[in-house]
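> dropping the sequence and predicted coords here.
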Amino acid sequence: MDDERIARLLRGYRLPEVSPDLDHRVLTEGAAIMERARLRGAVEDVGRSLLHQLGFGYLAWLIDLVTTTDAEYRVELI
Amino acid sequence: MIRGESEAFAELYQKYRARLHQYALSLIRSRMEAEDVVHDVFVGLAKQASGGRVPREPSAYLYGSVRNRCVDRRRRKPALSLDDVDLDLIVAPPGDEERIELRRLLNRALLALPAEQAEVVVLRTWHDLEFAAIAAMQGTSVNTALSRYQYGLSKLRKELGVHG
């Protein structure tokens, strides 16, 4: 038997089954994480549009600036 | 996959679940730990995506994450001896008498290969990854990855020759 034949033989095998429990865990947790992100995004959009309507659009800009800028933390020993 | 798209997440999971599970099994040789690794990798991806940080190449990200987590777990735990390992890396298609007959032998021979050779054989044979991609994952040259594949196949062939 040469290498090509053994490679062909191997390729004909299938992958082992994934347990339904793993599918359930991953899909449930993944969907929950995505849903929380969607809700968070929707709340942020409402808040932003409210600030604009009240004439505080600059606050939304300021919040975006602060939350998307990497912060630097430092612990000082006294 | 963009922020909040759970359908895209589910599709990505369906596409890679069996392959990543087999890859993790081949690296870590424990069914329970392989499932934990696949779970943690996909939950990590969901968290990243929900924060708007989607990997540019999901395939490379997923394979790399599975590998890193398995290597990390392997470091913390001594490897089981072959006699203590009871898992299937391959499944014979129903009705395929030749493969059904050889499955046990090949499965054991695959598990007996040195880890880096088994990894290349698995990734090349069932995951269709190019040698360049495998070499990048193993942090080695394409020639080394190719040699590992050839040595691996040669050992499997010898094993079949002895018992076949």
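Yep, that arrived.

> what's the least confident helix or strand in the chain, going by average pLDDT?
I'll assume chain A. Using mean pLDDT, DSSP states H and E, the weakest-scoring helix or strand in chain A turns out to be helix A:57-68, at a mean of 71.

> check which helices and strands that one sits against.
helix A:20-53 (3 or more CB pairs under 8 Å, 6 or more residues apart in numbering or on different chains; DSSP states H and E). Backbone N, C-alpha and C define where each C-beta goes, glycine included.

> touching chain B at all, the helix it packs on?
Yes: using CB under 8 Å from any CB of the partner chain, we find that helix A:20-53 touches chain B at A:21-23, A:25-27, A:29-31, A:33-38, A:41.

> my read: B:Ala135 touches B:Ser147, true?
No: B:Ala135 lies out of contact with B:Ser147 (CB atoms under 8 Å); the separation is 10.6 Å.

> which of those two has more neighbours?
B:Ala135 (19 against 14; other CB atoms under 10 Å in any protein chain shown).

> ok now do the more buried one, which residues does it touch?
B:Ser141, B:Val142, B:Thr144, B:Ala145 (CB atoms under 8 Å, 6 or more residues apart in numbering or on different chains).

> just the ones of those residues in helices?
When DSSP state H is applied, the contacts of B:Ala135 are split such that B:Val142, B:Thr144, B:Ala145 fall in helices.

> tell me the one of the residues you listed nearest chain A?
B:Ala145 (15.0 Å; CB to the nearest CB).

> neighbours of the closest one, how many?
For B:Ala145, using other CB under 10 Å, the count is 26.
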